[in-house]
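> Give the three-dimensional model of this entry:
(chains A and B)
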Protein chains: 2
Amino acid sequence: MAQTRVLPAAENAHQYPLLIKQLLLSGPRYSPDQEIVYANRSKYTYTDLVERIHRLANALTDAGVKPGDTVAVMDWDTPRYLECFFAIPMIGAVLHTVNVRLAPEQIVYTMNHAEDDVVLVHDDFLPILEGVRDEIKTVKTYIQLSDEKTAKDTKLETAGEYEALLAGAAAEFDFPDFDENSIATTFYTTGTTGNPKGVFFSHRQLVLHTLTMTGSLSAYDELPLLRSSSVYMPVTPMFHVHAWGVPYAATMMGIKQVYPGRYEPELLVDLIKEHKVTFSHCVPTIMQMMMGTESIKTADLSNWQVLIGGSALTKGLCDAGAKLGIRMYTAYGMSETCPLLSASHLKPEDLELPLEQQTAKRIKTGIAVPMVELEIVDTSGNPVAHDGEAKGEVVARAPWLTQSYFKEPAKGEELWEGGWLHTGDVASMEPNNTLTIKDRIKDVIKTGGEWLSSLDLENLISQHPAVAGAAVVGIPDEKWGERPYALVTLKPGEQANLEDIQSHLQHYVDSGEINKWAIPSQIDFVDDIPKTSVGKINKKLIRDQMQ
Amino acid sequence: MAQTRVLPAAENAHQYPLLIKQLLLSGPRYSPDQEIVYANRSKYTYTDLVERIHRLANALTDAGVKPGDTVAVMDWDTPRYLECFFAIPMIGAVLHTVNVRLAPEQIVYTMNHAEDDVVLVHDDFLPILEGVRDEIKTVKTYIQLSDEKTAKDTKLETAGEYEALLAGAAAEFDFPDFDENSIATTFYTTGTTGNPKGVFFSHRQLVLHTLTMTGSLSAYDELPLLRSSSVYMPVTPMFHVHAWGVPYAATMMGIKQVYPGRYEPELLVDLIKEHKVTFSHCVPTIMQMMMGTESIKTADLSNWQVLIGGSALTKGLCDAGAKLGIRMYTAYGMSETCPLLSASHLKPEDLELPLEQQTAKRIKTGIAVPMVELEIVDTSGNPVAHDGEAKGEVVARAPWLTQSYFKEPAKGEELWEGGWLHTGDVASMEPNNTLTIKDRIKDVIKTGGEWLSSLDLENLISQHPAVAGAAVVGIPDEKWGERPYALVTLKPGEQANLEDIQSHLQHYVDSGEINKWAIPSQIDFVDDIPKTSVGKINKKLIRDQMQ
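Numbering: from 1, shown residues only, chains lettered A, B, ... in the order given. The predicted model follows:
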C-alpha cells in the first residue's frame, strides 16, 4: 500500500463518524412543517417525525432493547416504518426488515438466523407469527402495530401497542455516537434455491448511499426526481432494500412523503392524484396493475416520474406509460448493492423528443451513478469491450455494497470473487458507458466461445408468426461447450416444426444479429412452459429435466 | 461507547475507502465530450481531462514525487490547477495550494512549514520564488507553468515546463488505493497576528464535502446552482479552500467549467457572456469590481447565480445585483470548514416575489446544509435561545472540518474546545433555523451580561446624518465587564459631539433595539479610522491604542 501521510488518531479525533442520525438533521431544519402522510388515515409534520423517533427510541429502550440487539419489523409501508428506519439504528440496534411475502417457515428461518430480539408486528401478520410461535427462538418481546384504536387480541406476549408505547415514552432521547461500521440494517434475499441469505448494511454505507442518491436523482436535469418540491411515494416495499433507500434521501431533504400502506392499485392511483405525487419507484408488475385501474383514466400523471427496477422495463410498458404522460426511468441494482448502481440517463436533446420517442433510452439499464465502478467481465474476470455487443458479467465496486452474507462467509467470498461484487447479471456496455442487461449469468448460453443471451434468443424465436412463447436454456455439448435448447408453445391453430424455426433464425444469422451456433438443433413443442411461483420461466427445472 | 454490532475487519474487507479518484468516475462517464475552458486561451473535453490527469501523475512520479510527499502549486485559476486538484492527491501526495497573495516571506514560511518537495509555479510568480530562493529549505524540484509556448528563463532549477512534461509522460497511470484518512490537501489561513496556520483535509473529508455539496446545491429548488446543465466559473481563487470545493463537485457531475486565469473584471464579465455561465462564487469586493465594468451594462445576467462568501453580502450589493438580474445567495464557511456550512435558503413563496424584494432573505447567513450540526453557544459552551435575538458563538460539527493546525496541536485544541469547532463568529439563530452572523467574537462587546455586536453599533452610529464612518471596540470596564468605545469620522463640513451621538443612540434604546449600556460613554472624533492592508477596520490596533 502507498505510504501516504495518514492522519494519526490524535490528529483525527473530531472525524465525526457517519451515522444515520445525521440524515435526520437537515430535513426538519429546512421544512419543519412539511407533511408526512399515511394513505387516507393520518398525517403529521417533520417536527412530529423527530419527536416520534425520540419517543420510539425510549419505548424500545424501555422494552429492553440495547445497542447491538436486533429489532425486526413486519409492517406495510407506513410512517411507522419510516420511524423504525431511523430510531432502531440510531440507538445502535440492527433493524431487520422482514420480508412478509415469504412463506411462514422462511420468515421464521430469517428471524432465527438474524437472532431477532424484539419484533414489531402489524395486526395483519399476527396469524403468521402465532402459527410458528414455538419455532421462534430468540425473540423476547413483541410490539403490536395497529391502524385501529384497539389492537387485536393475540396469543403472543407483547410489550404493548406502538402508539400507546410512544405516548407513554419520554419525548427526548440522547442518541449516542458509535463506530460508523456498526450494522444498521439487515434483510434476506430470496434465492431460487436454498435458504434466504442475509445481507447487511452499516451506518456508513447507508449515509454514503443516501448522499450519492440525493446528488444523482437531483443534480441531473435528465433525472430530476428528488428535488425539494418533489412529493414522494414508495411503491416498492420498505422491507425490500429499505424501499431502495429513498426514504432516507427524502427525509434528509425534507420533502413531502406519502406512505400508502398496502399496495392496492386503486388506492395508489388515488393517492397520486390527491397528493400530486411527483416521484415513485416501482416494479413492472405493480405498474401494470396500476395502469389497469379505472382511476388512472381520469388522472393527470404528467408530473409523475417513476424509477422502474426489479425486472426489466419493457418497451411495451414504457410506451403505455408514455401515453398516460408517465415518465419512467430504469434503475439498476439488487439487494446486495443497497441498491443503487445505475439509472437511465437521457441527454437534454433526448428530452426534447415527444415522450413516446424517448422509450428506447428509458428502457436501457443506464449509466453508473457517481462513486460506483461498474465493469463487464468474462469468466476469467477480464473486462470485455465496451462496444454495445460484447457481453460480460456485471461487477461492481462502490462504498455501499454488502460485505458478505450474514453468518455465511463462504457465500460472501463467492460474491466478492476477485475483489469485485458479482451481480450475476450479463450485460453489454456501449462506448458512451450505457449498460444494457441481457440475461442472468446462470441462464446465458456459453457456446462457441461466446455468450448468447437466452432472453435475446427467446425474443427472436417469438417473432416467428406461429410462436406464442419460447424458453431457451443451455445444455452441455462436447464440441461447443453449450448449445441452446428451446421449448416452444404455438398459437392456437398454428403449425411449425424444428426446420421452420431454424430457417426463421437463419435470417438473423444472415443479417449478423446472431452467430450460426445460436440456432438450436433441438426444440420441443409443448403446451405449457414451466413457470415459477412468481410467473418467471423456471429455467432451473427445464435444465434439470434435460439432464 | 455503545456496544453496537460492529463489522469485524474480515467482514468489512471490501469497504472501498473514500478517495478523490472516485470523484473523477462519473463526470467523464456522463459527459465525455463536455468542455473545460481556459479563458480565451484553450479548451478541452472531460476525456482529455482524464488523460491529462494520468499524464500529470506520471510526470510527477518521473520528477521524483512519491506518496506522502507534498507538492505545492502557485498558479492562477486554470484547468492545470484542476488537474493538480486530482492528480496530486490521487498519487497519494499532499497538494499544497499556495496563497500567492501573501508577502514573499510568508509564502516561504508556508512552503517550509508544509515541507514542500516539489513546486509547480506559474511564470508570473517566478520572481517571488527567485527572490527568496535561498530561504526555501525542502523543495527539490520546480516545474514551470507557462501560458506561452516558451517558458520564461529562470534561476530556479526546474524539471521542465508542464505541457512539455505532460506530452512526454505515459498516458496511463494506475492510481493506488490507500487509507481514506490520508491527507489530500493543505493550505494556510491568514491570521491578523502571528504566522499563517496550516489546515489540512483528508481524501475522506473532501469526498464527503463534495457529495453533500452536490446534493445541497442541486436538490433544492431554492438553491438550484449545480445541475447538469449548469456552466460553472469560479471567482474565488483555487488556492483558497479549493475554490470552496466546487471544482470537485462540478467535475463529479460532468458540467461545463470555465477557468478565468487572472481575475480581471472585464475578462470575467466577458467570459460569463461568452460561455453563458450560470454559477459562480465570489467575494463582495470582486463582485463590486465586476459591477463597475463597462461590459456588464450589455450583459444578460438573468441566468447567472452567485454564492457570496468571504465577508457579508450587504443589502446594497444584493440590491444592485438584483437590478442587473443577478441572483445572489449567501454562503457561510471558513478555511477550517472545507468550507461549506450553510447557505441562504429561500422558500418557494419567497422566490415568487420580484427579485428586488428577495434581498432580505438572500443576505442572511442561511440554514446549515445536510450533515452539518450548527449551534450558537455562550462563553460556557451552552446553547443560547434560537429566537433571532440572543447571540452566541457559532460552533460546528460535520464530517469535513479540519482536525487541527499542521504541527500546531495546541492551537488545534483551542479550535476544537469542547468537541465542537469554534468559528470565532457570533450570530443569532431564528426559530426557523436561519443563522445571521453578527460579528467576530473577538470584536463583540461583552457588556452588562450581554453580547453587543460592534458591527450593529457601527451601523447605528453611521445613521447619524453627520457621521461618515464609525469603528467600535470593547474596552475593559470594572462594573460592566466591557464598555463600547467608538472612533467616528464626520462628513466634510458636518459637526457632532459625544452628546449628539448619545442622544441619537438613545432613540434605539427607546425603541428596544439596543440596551442602554450599548451607548458609548467615550467617543473620539478622528480624521481616519485605522484599516488593515485589505481595507478592514483594524480593531486590534484600536484596542491596543486604548490600553
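> I'd like to know which elements the helix or strand of chain A with the lowest mean pLDDT is packed against.
Least confident helix or strand of chain A, by mean pLDDT, DSSP states H and E, is helix A:348-351 with a mean of 83. If contacts are counted by 3 or more CB pairs under 8 Å, 6 or more residues apart in numbering or on different chains; DSSP states H and E, helix A:348-351 sits against no helix or strand. Quick note: C-beta positions are derived from backbone N, CA and C, even for glycine.
> Name the residues of that helix that come out as buried.
Within helix A:348-351, no residue counts as buried by 16 or more other CB atoms under 10 Å in any protein chain shown.
> what's the answer for stretch A:312-328, then?
Quick answer for stretch A:312-328 (16+ other CB under 10 Å): A:Ala312, A:Leu313, A:Leu317, A:Cys318, A:Ala320, A:Gly321, A:Ala322, A:Leu324, A:Ile326, A:Arg327, A:Met328.
> and which of these is nearest chain B?
A:Arg327 (16.4 Å; CB to the nearest CB).
> phi, psi of whatever residue of the stretch 401-547 of chain A ends up closest to chain B?
Closest to chain B within the stretch 401-547 of chain A is A:Asn433: 4.7 Å, counting by CB to the nearest CB. Phi and psi for A:Asn433, reported as degrees, to the nearest 10, are phi 70, psi 10.
> gap between stretch A:382-389 and the chain center?
26 Å (CA atoms, centre = their mean, to the nearest Å).
> How far does it stretch from one end to the other?
Stretch A:382-389 has an end-to-end distance of 16 Å (CA to CA, to the nearest Å).
> Give me the mean pLDDT for it.
When pLDDT is averaged along stretch A:382-389, the result is 95.
> again with stretch A:402-418
Summarised as a single mean, pLDDT over stretch A:402-418 is 94.
> residues contacting the closest residue to the residue of the stretch 401-547 of chain A closest to chain B other than its chain neighbours?
Spatially, and ignoring its direct neighbours in sequence, A:Asn433 is nearest to B:Arg29 (4.7 Å; CB to CB, 6 or more residues apart in numbering or on different chains). Residues near B:Arg29 by CB atoms under 8 Å, 6 or more residues apart in numbering or on different chains: A:Ile367, A:Ala368, A:Asn433, B:Gly254.
> and which of those residues is nearest to B:Pro284?
Nearest to B:Pro284 among the contacts of B:Arg29: B:Gly254, at 30.6 Å, using CB to CB.
> how far away is the closest residue to chain B within the stretch 301-450 of chain A from B:Phe175?
Distances between the stretch 301-450 of chain A and chain B by CB to the nearest CB are smallest at A:Pro370, namely 4.0 Å. To B:Phe175, A:Pro370 is 17 Å away according to CB to CB, to the nearest Å.
> more crowded one of the two?
A:Pro370 (24 against 19; other CB atoms under 10 Å in any protein chain shown).
> tell me the mean pLDDT over the one helix or strand A:Lys273 maps to?
Per DSSP states H and E: A:Lys273 is located in helix A:265-275. Averaged across helix A:265-275, the pLDDT comes to 96.
> What of stretch A:441-453?
On average, stretch A:441-453 scores 86.
> So which bits of it are buried?
For stretch A:441-453, a neighbour-count test (16+ other CB under 10 Å) marks A:Ile441, A:Asp443, A:Val444, A:Ile445, A:Lys446, A:Thr447, A:Gly448, A:Glu450, A:Trp451, A:Leu452, A:Ser453 as buried.
> ends of that stretch, how far apart?
With CA to CA applied, stretch A:441-453 spans 9 Å between its terminal residues.
> what comes into contact with that stretch?
Stretch A:441-453 is contacted from outside by A:379, A:391-393, A:424-426, A:438-439, A:454-455, A:457, A:472-474, A:477, A:480-484, A:514-515, A:517-518, A:539, using CB under 8 Å, 6+ apart.
> Do a quick rundown of the helices in the stretch 151-300 of chain A.
Per DSSP state H, counting those that start in this stretch, the stretch 151-300 of chain A carries helices over the ranges A:162-168, A:203-219, A:241-244, A:246-253, A:265-275, A:284-291.
> interface residues of the stretch 1-150 of chain A facing chain B?
A:1-7, A:10-16, A:18, A:22-23, A:25-26, A:29-30, A:32, A:66-68, A:91-94 (CB under 8 Å from any CB of the partner chain).
> Can you tell me which of the residues you listed are buried?
Applying 16+ other CB under 10 Å to these, the neighbour count classes A:4-7, A:11, A:14-16, A:18, A:22-23, A:25-26, A:29-30, A:32, A:67-68, A:91-94 as buried.
> Please flag which of those residues sit within helices.
Within these, residues falling in helices by DSSP state H are A:Ser26, A:Arg29, A:Tyr30.
> Nearest to A:Tyr405 among these?
Using CB to CB, A:Ser26 comes nearest to A:Tyr405 of those, at 33.5 Å.
> Distance of that closest one relative to A:Phe85?
Distance of A:Ser26 to A:Phe85, computed by CB to CB: 16 Å.
> re earlier: what two of the contacts of B:Arg29 are the furthest from one another?
Once CB to CB is applied, the contacts of B:Arg29 give A:Ala368 and B:Gly254 as the farthest pair, at 12.3 Å.
> what's the neighbour count on A:Thr489?
16.
> can I get the CA coordinates of the helix or strand harbouring it in CSV?
Per DSSP H and E, A:Thr489 falls inside strand A:481-490. Presented in CSV, the C-alpha positions along strand A:481-490 are these (Å, rounded to 0.1, in the frame of the first residue of the first chain):
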residue,chain,number,x,y,z
GLY,A,481,-19.4,-26.1,-24.6
GLU,A,482,-23.1,-25.5,-24.5
ARG,A,483,-25.8,-25.5,-27.2
PRO,A,484,-29.2,-23.8,-27.0
TYR,A,485,-32.2,-25.9,-26.4
ALA,A,486,-35.7,-24.4,-26.8
LEU,A,487,-39.2,-25.1,-25.5
VAL,A,488,-41.8,-23.5,-27.8
THR,A,489,-45.6,-23.0,-27.5
LEU,A,490,-47.6,-22.3,-30.6
